[in-house]
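*Asks:* what follows is a predicted protein model with its sequence.
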Amino acid sequence: MDRKDFITLSSLGFLGLYSCGTSNLNMNKKSLAIQLYTVRDAIAKNLEKTFEKLAELGFTELEIYGYNGSFFGKTRNEFQSVLKNVGLKVISSHHTTGILHNDDGTLLKNWEKSVEDLHFIGSKYMVCSYLFPEERTVENYLKLPELFNKSGDVTKKAEIQFAYHNHDFEFEKFDDSKNIYDFILENTSSDLVKMELDLYWISKAGLDPLVYFEKYPKRFPLWHVKDMKAGTKDFAEIGNGTIDFKRIFEAREKAGLNYWFLEQDSSDKDIFDSIRISRKYILDHSYFR
(Lines give C-alpha, C1' and ligand atoms only; values in the text may rest on other atoms or scores of the structure.)
Protein backbone atom coordinates (compact mmCIF):
# COMPACT_ATOMS: atom_id res chain seq x y z
CA MET A 1 0.00 0.00 0.00
CA ASP A 2 1.46 3.42 -0.90
CA ARG A 3 1.39 6.46 1.43
CA LYS A 4 -1.56 8.14 -0.34
CA ASP A 5 -3.74 5.04 0.01
CA PHE A 6 -2.67 4.64 3.64
CA ILE A 7 -3.75 8.19 4.51
CA THR A 8 -7.04 7.80 2.63
CA LEU A 9 -7.92 4.54 4.35
CA SER A 10 -6.91 5.93 7.75
CA SER A 11 -9.05 9.05 7.36
CA LEU A 12 -12.06 6.98 6.40
CA GLY A 13 -11.56 4.55 9.26
CA PHE A 14 -11.00 1.63 6.89
CA LEU A 15 -7.42 0.75 7.82
CA GLY A 16 -8.48 -1.82 10.39
CA LEU A 17 -10.82 -3.41 7.86
CA TYR A 18 -8.08 -3.40 5.24
CA SER A 19 -5.63 -5.11 7.60
CA CYS A 20 -8.21 -7.65 8.65
CA GLY A 21 -9.15 -8.37 5.07
CA THR A 22 -5.55 -8.76 4.00
CA SER A 23 -4.85 -11.09 6.90
CA ASN A 24 -7.88 -13.23 6.13
CA LEU A 25 -6.99 -13.30 2.46
CA ASN A 26 -3.51 -14.58 3.25
CA MET A 27 -4.80 -17.10 5.78
CA ASN A 28 -7.39 -18.45 3.38
CA LYS A 29 -5.05 -18.73 0.42
CA LYS A 30 -4.31 -22.37 -0.43
CA SER A 31 -2.16 -23.52 -3.27
CA LEU A 32 -3.93 -26.27 -5.18
CA ALA A 33 -1.75 -29.34 -5.61
CA ILE A 34 -2.28 -32.53 -7.59
CA GLN A 35 -0.61 -35.92 -8.01
CA LEU A 36 0.05 -36.18 -11.74
CA TYR A 37 -0.91 -39.86 -11.82
CA THR A 38 -4.46 -38.52 -11.90
CA VAL A 39 -3.88 -37.16 -15.43
CA ARG A 40 -1.44 -39.81 -16.67
CA ASP A 41 -3.41 -40.49 -19.87
CA ALA A 42 -3.38 -36.80 -20.79
CA ILE A 43 0.34 -36.58 -20.01
CA ALA A 44 1.05 -39.52 -22.31
CA LYS A 45 -0.56 -37.53 -25.14
CA ASN A 46 0.88 -34.09 -24.44
CA LEU A 47 2.76 -33.07 -21.30
CA GLU A 48 2.80 -29.34 -21.97
CA LYS A 49 -0.92 -29.06 -22.78
CA THR A 50 -1.78 -31.08 -19.68
CA PHE A 51 0.25 -28.71 -17.53
CA GLU A 52 -1.45 -25.74 -19.16
CA LYS A 53 -4.89 -27.19 -18.36
CA LEU A 54 -3.91 -27.77 -14.72
CA ALA A 55 -2.57 -24.23 -14.43
CA GLU A 56 -5.81 -22.86 -15.90
CA LEU A 57 -7.70 -24.73 -13.17
CA GLY A 58 -5.59 -22.98 -10.55
CA PHE A 59 -3.11 -25.72 -9.70
CA THR A 60 0.36 -24.47 -8.82
CA GLU A 61 1.98 -27.47 -7.09
CA LEU A 62 2.64 -30.99 -8.31
CA GLU A 63 3.62 -34.42 -7.12
CA ILE A 64 5.20 -36.24 -10.05
CA TYR A 65 5.74 -39.89 -10.90
CA GLY A 66 7.79 -41.89 -13.37
CA TYR A 67 11.26 -40.38 -12.98
CA ASN A 68 13.66 -42.86 -14.62
CA GLY A 69 16.73 -40.74 -15.19
CA SER A 70 14.58 -38.23 -17.06
CA PHE A 71 11.30 -36.45 -16.41
CA PHE A 72 8.68 -37.72 -18.85
CA GLY A 73 11.44 -38.09 -21.42
CA LYS A 74 12.90 -34.64 -20.74
CA THR A 75 16.18 -33.64 -19.16
CA ARG A 76 16.00 -31.85 -15.87
CA ASN A 77 16.72 -28.53 -17.58
CA GLU A 78 13.99 -29.11 -20.17
CA PHE A 79 11.50 -30.17 -17.53
CA GLN A 80 12.32 -27.18 -15.36
CA SER A 81 11.65 -24.91 -18.34
CA VAL A 82 8.26 -26.54 -18.94
CA LEU A 83 7.35 -26.00 -15.29
CA LYS A 84 8.41 -22.36 -15.30
CA ASN A 85 6.55 -21.64 -18.52
CA VAL A 86 3.23 -22.54 -16.90
CA GLY A 87 3.97 -21.47 -13.33
CA LEU A 88 4.05 -24.93 -11.73
CA LYS A 89 6.47 -26.30 -9.15
CA VAL A 90 7.25 -29.81 -8.00
CA ILE A 91 6.76 -30.48 -4.29
CA SER A 92 7.19 -34.26 -4.28
CA SER A 93 8.12 -37.21 -6.47
CA HIS A 94 7.12 -40.89 -6.46
CA HIS A 95 9.60 -43.77 -6.78
CA THR A 96 9.51 -47.55 -6.39
CA THR A 97 11.96 -49.71 -4.45
CA GLY A 98 13.80 -51.45 -7.27
CA ILE A 99 13.44 -54.81 -5.55
CA LEU A 100 11.50 -56.15 -8.53
CA HIS A 101 12.25 -53.60 -11.27
CA ASN A 102 15.83 -52.46 -10.75
CA ASP A 103 15.53 -49.39 -12.97
CA ASP A 104 16.98 -45.90 -12.73
CA GLY A 105 14.90 -43.75 -10.43
CA THR A 106 14.30 -46.54 -7.92
CA LEU A 107 15.65 -46.66 -4.38
CA LEU A 108 18.12 -49.42 -5.25
CA LYS A 109 19.61 -48.05 -8.47
CA ASN A 110 21.42 -44.73 -8.87
CA TRP A 111 19.44 -43.22 -5.98
CA GLU A 112 22.02 -40.50 -5.47
CA LYS A 113 21.52 -39.33 -9.07
CA SER A 114 17.76 -39.34 -8.57
CA VAL A 115 18.15 -37.19 -5.48
CA GLU A 116 20.47 -34.82 -7.34
CA ASP A 117 17.97 -34.35 -10.16
CA LEU A 118 14.99 -33.88 -7.85
CA HIS A 119 16.98 -31.36 -5.83
CA PHE A 120 17.74 -29.50 -9.06
CA ILE A 121 14.05 -29.03 -9.88
CA GLY A 122 13.27 -27.98 -6.30
CA SER A 123 11.42 -31.00 -4.92
CA LYS A 124 10.99 -31.05 -1.14
CA TYR A 125 10.01 -34.73 -0.85
CA MET A 126 10.85 -38.07 -2.45
CA VAL A 127 8.39 -40.85 -1.73
CA CYS A 128 8.45 -44.62 -2.08
CA SER A 129 5.10 -44.96 -3.76
CA TYR A 130 4.28 -48.64 -4.08
CA LEU A 131 5.30 -52.23 -3.45
CA PHE A 132 4.46 -54.45 -6.40
CA PRO A 133 2.47 -57.60 -5.47
CA GLU A 134 5.52 -59.80 -6.12
CA GLU A 135 7.51 -57.69 -3.64
CA ARG A 136 5.05 -58.27 -0.81
CA THR A 137 6.80 -61.05 1.04
CA VAL A 138 7.79 -61.28 4.69
CA GLU A 139 11.43 -61.37 3.61
CA ASN A 140 11.09 -58.09 1.74
CA TYR A 141 9.00 -56.43 4.46
CA LEU A 142 11.77 -57.12 6.97
CA LYS A 143 14.27 -55.34 4.71
CA LEU A 144 12.20 -52.18 4.25
CA PRO A 145 13.23 -50.26 7.39
CA GLU A 146 16.93 -50.47 6.51
CA LEU A 147 16.26 -49.55 2.87
CA PHE A 148 14.05 -46.61 3.83
CA ASN A 149 16.48 -45.30 6.45
CA LYS A 150 19.34 -45.44 3.94
CA SER A 151 17.25 -43.75 1.27
CA GLY A 152 16.19 -41.07 3.73
CA ASP A 153 19.77 -40.46 4.79
CA VAL A 154 20.72 -39.71 1.18
CA THR A 155 17.76 -37.38 0.60
CA LYS A 156 18.38 -35.54 3.88
CA LYS A 157 21.83 -34.50 2.69
CA ALA A 158 20.09 -32.75 -0.22
CA GLU A 159 17.51 -31.19 2.15
CA ILE A 160 14.79 -33.46 0.80
CA GLN A 161 12.51 -35.46 3.10
CA PHE A 162 11.95 -39.15 2.33
CA ALA A 163 8.52 -40.69 2.88
CA TYR A 164 6.45 -43.80 2.21
CA HIS A 165 3.03 -43.81 0.53
CA ASN A 166 0.49 -46.46 1.51
CA HIS A 167 -2.21 -48.44 -0.22
CA ASP A 168 -4.47 -50.81 1.74
CA PHE A 169 -2.35 -53.97 1.82
CA GLU A 170 0.01 -52.39 4.38
CA PHE A 171 -2.74 -52.67 6.98
CA GLU A 172 -2.76 -56.46 6.74
CA LYS A 173 -0.89 -58.32 9.47
CA PHE A 174 2.26 -60.07 8.37
CA ASP A 175 2.96 -61.65 11.73
CA ASP A 176 0.81 -62.41 14.77
CA SER A 177 0.88 -58.92 16.22
CA LYS A 178 1.68 -56.24 13.70
CA ASN A 179 0.63 -54.92 10.32
CA ILE A 180 3.15 -53.78 7.74
CA TYR A 181 2.40 -50.09 8.20
CA ASP A 182 3.07 -50.11 11.95
CA PHE A 183 6.17 -52.23 11.39
CA ILE A 184 7.57 -49.56 9.04
CA LEU A 185 6.69 -46.72 11.42
CA GLU A 186 8.17 -48.41 14.46
CA ASN A 187 11.39 -49.58 12.82
CA THR A 188 12.41 -46.50 10.85
CA SER A 189 13.85 -43.20 11.98
CA SER A 190 11.12 -40.65 12.66
CA ASP A 191 13.49 -38.06 11.25
CA LEU A 192 14.58 -39.85 8.08
CA VAL A 193 11.30 -41.56 7.16
CA LYS A 194 7.94 -39.82 7.14
CA MET A 195 4.62 -41.05 5.75
CA GLU A 196 2.48 -39.83 2.89
CA LEU A 197 -0.93 -40.94 4.11
CA ASP A 198 -3.44 -41.85 1.42
CA LEU A 199 -6.79 -41.05 2.99
CA TYR A 200 -8.71 -43.22 0.52
CA TRP A 201 -6.67 -46.38 1.05
CA ILE A 202 -6.56 -46.20 4.85
CA SER A 203 -10.32 -45.61 4.84
CA LYS A 204 -10.89 -48.52 2.48
CA ALA A 205 -8.89 -50.70 4.86
CA GLY A 206 -11.33 -49.71 7.62
CA LEU A 207 -8.86 -47.82 9.79
CA ASP A 208 -9.02 -44.35 11.31
CA PRO A 209 -6.31 -41.82 10.31
CA LEU A 210 -6.73 -40.00 13.63
CA VAL A 211 -5.66 -43.11 15.54
CA TYR A 212 -2.40 -43.04 13.60
CA PHE A 213 -1.93 -39.31 14.17
CA GLU A 214 -2.23 -39.90 17.92
CA LYS A 215 0.06 -42.91 17.91
CA TYR A 216 2.72 -41.42 15.61
CA PRO A 217 2.41 -37.63 15.83
CA LYS A 218 4.14 -35.46 13.21
CA ARG A 219 4.96 -38.45 10.98
CA PHE A 220 2.43 -37.54 8.25
CA PRO A 221 3.55 -34.35 6.45
CA LEU A 222 2.00 -35.42 3.13
CA TRP A 223 -1.51 -36.64 2.33
CA HIS A 224 -3.31 -37.91 -0.74
CA VAL A 225 -6.86 -36.59 -0.67
CA LYS A 226 -9.47 -38.52 -2.61
CA ASP A 227 -12.93 -39.81 -1.81
CA MET A 228 -14.60 -43.23 -1.74
CA LYS A 229 -18.03 -44.14 -3.11
CA ALA A 230 -20.55 -45.68 -0.78
CA GLY A 231 -21.21 -49.34 -1.46
CA THR A 232 -18.69 -50.07 -4.22
CA LYS A 233 -15.81 -48.26 -2.47
CA ASP A 234 -14.66 -47.06 -5.89
CA PHE A 235 -12.78 -43.78 -6.30
CA ALA A 236 -14.93 -40.67 -6.13
CA GLU A 237 -14.52 -36.95 -6.53
CA ILE A 238 -13.81 -35.13 -3.27
CA GLY A 239 -17.17 -34.46 -1.65
CA ASN A 240 -18.97 -37.18 -3.63
CA GLY A 241 -18.06 -39.99 -1.27
CA THR A 242 -18.10 -41.12 2.33
CA ILE A 243 -14.83 -39.84 3.82
CA ASP A 244 -15.19 -37.21 6.57
CA PHE A 245 -12.49 -34.78 5.44
CA LYS A 246 -13.47 -32.09 7.94
CA ARG A 247 -12.75 -34.41 10.87
CA ILE A 248 -9.42 -35.47 9.38
CA PHE A 249 -8.24 -31.98 8.45
CA GLU A 250 -9.04 -30.71 11.92
CA ALA A 251 -6.27 -33.06 13.12
CA ARG A 252 -3.71 -31.75 10.63
CA GLU A 253 -1.48 -30.23 13.32
CA LYS A 254 -1.21 -33.51 15.23
CA ALA A 255 -0.40 -35.27 11.95
CA GLY A 256 2.27 -32.73 11.03
CA LEU A 257 0.68 -31.98 7.65
CA ASN A 258 2.66 -29.73 5.31
CA TYR A 259 1.28 -30.52 1.85
CA TRP A 260 -1.60 -32.49 0.42
CA PHE A 261 -2.41 -33.54 -3.12
CA LEU A 262 -5.68 -34.11 -4.89
CA GLU A 263 -5.61 -37.51 -6.52
CA GLN A 264 -8.15 -39.68 -8.29
CA ASP A 265 -6.83 -42.96 -9.67
CA SER A 266 -9.75 -43.48 -12.05
CA SER A 267 -13.12 -41.95 -12.88
CA ASP A 268 -16.40 -42.77 -14.60
CA LYS A 269 -16.23 -39.25 -16.11
CA ASP A 270 -13.68 -37.30 -18.11
CA ILE A 271 -10.87 -36.95 -15.57
CA PHE A 272 -10.75 -33.17 -15.93
CA ASP A 273 -14.47 -33.00 -15.14
CA SER A 274 -13.75 -34.98 -11.99
CA ILE A 275 -10.93 -32.60 -11.11
CA ARG A 276 -13.26 -29.63 -11.53
CA ILE A 277 -15.83 -31.22 -9.20
CA SER A 278 -13.17 -31.88 -6.55
CA ARG A 279 -11.69 -28.42 -7.02
CA LYS A 280 -15.06 -26.73 -6.42
CA TYR A 281 -15.65 -28.73 -3.26
CA ILE A 282 -12.17 -27.87 -1.95
CA LEU A 283 -12.62 -24.16 -2.60
CA ASP A 284 -16.09 -24.18 -1.03
CA HIS A 285 -14.89 -25.67 2.27
CA SER A 286 -12.48 -23.67 4.37
CA TYR A 287 -11.14 -26.60 6.39
CA PHE A 288 -9.04 -27.67 3.38
CA ARG A 289 -7.01 -24.47 3.69
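*Replies:* Nice, thanks for sending it over. Please read all numbers here as calculations on a predicted model, not as lab measurements.
*Asks:* what about the spatially closest residue to F272 that is not a sequence neighbour, how many neighbours?
*Replies:* Closest residue in space to F272, ignoring its immediate chain neighbours: K53 at 6.5 Å, by Cβ to Cβ, 6 or more residues apart in numbering. In short, each C-beta sits where N, CA and C put it, glycine included. The number of residues packed around K53, counting by other Cβ atoms under 10 Å, is 16.
*Asks:* helix or strand for K53, which one?
*Replies:* helix 47-56 (DSSP states H and E).
*Asks:* what do you get for D153?
*Replies:* helix 138-157.
*Asks:* one more: E196?
*Replies:* Using DSSP H and E, the element containing E196 is strand 193-198.
*Asks:* distance of the residue nearest to F272 from S70?
*Replies:* 22 Å (Cβ to Cβ, to the nearest Å).
*Asks:* now do stretch 216-226: distance to the chain's middle.
*Replies:* 9 Å (Cα atoms, centre = their mean, to the nearest Å).
*Asks:* how about the strands in the stretch 1-150 of the chain?
*Replies:* Along the stretch 1-150 of the chain, the segments classed as strands by DSSP state E, counting those that start in this stretch run 32-35, 59-64, 89-96, 125-130.
*Asks:* adding distance to I277, write those strands out as CSV.
*Replies:* Formatted as CSV, these follow (distance: least, Cβ to Cβ, whole Å):
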stretch, distance to I277
strand 32-35, 14
strand 59-64, 15
strand 89-96, 23
strand 125-130, 25
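*Asks:* reformat those as TSV; add mean pLDDT.
*Replies:* Shown next, in TSV, are the strands of the stretch 1-150 of the chain (pLDDT from 0 to 100):
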stretch	mean pLDDT
strand 32-35	98
strand 59-64	98
strand 89-96	98
strand 125-130	98
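*Asks:* quick one: those strands as a markdown table, columns for distance to I202 and mean neighbour count too.
*Replies:* Below are these laid out as a markdown table (distance: least, Cβ to Cβ, whole Å; neighbours: other Cβ atoms under 10 Å):
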| stretch | distance to I202 | mean neighbour count |
| --- | --- | --- |
| strand 32-35 | 16 | 22 |
| strand 59-64 | 18 | 21 |
| strand 89-96 | 18 | 22 |
| strand 125-130 | 15 | 22 |
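*Asks:* neighbours of the closest residue to F72 other than its chain neighbours, just the number please.
*Replies:* Once flanking residues are discounted, F72 sits nearest to L47: 5.2 Å by Cβ to Cβ, 6+ apart. By other Cβ under 10 Å, 18 other residues sit near L47.
*Asks:* got the contact list for L47?
*Replies:* For L47, the contact set (Cβ atoms under 8 Å, 6 or more residues apart in numbering) comprises 72, 74, 82.
*Asks:* picking up where we left off before, other residues contacting the strand holding E196?
*Replies:* Residues external to strand 193-198 that are found in contact with it (Cβ under 8 Å, 6+ apart): 92, 125, 127, 145, 148-149, 152, 161-167, 184-185, 209, 212, 216, 219-224, 226, 255-256, 263.
*Asks:* wait, what's in contact with D208?
*Replies:* Each residue near D208 by Cβ under 8 Å, 6+ apart is listed here: I202.
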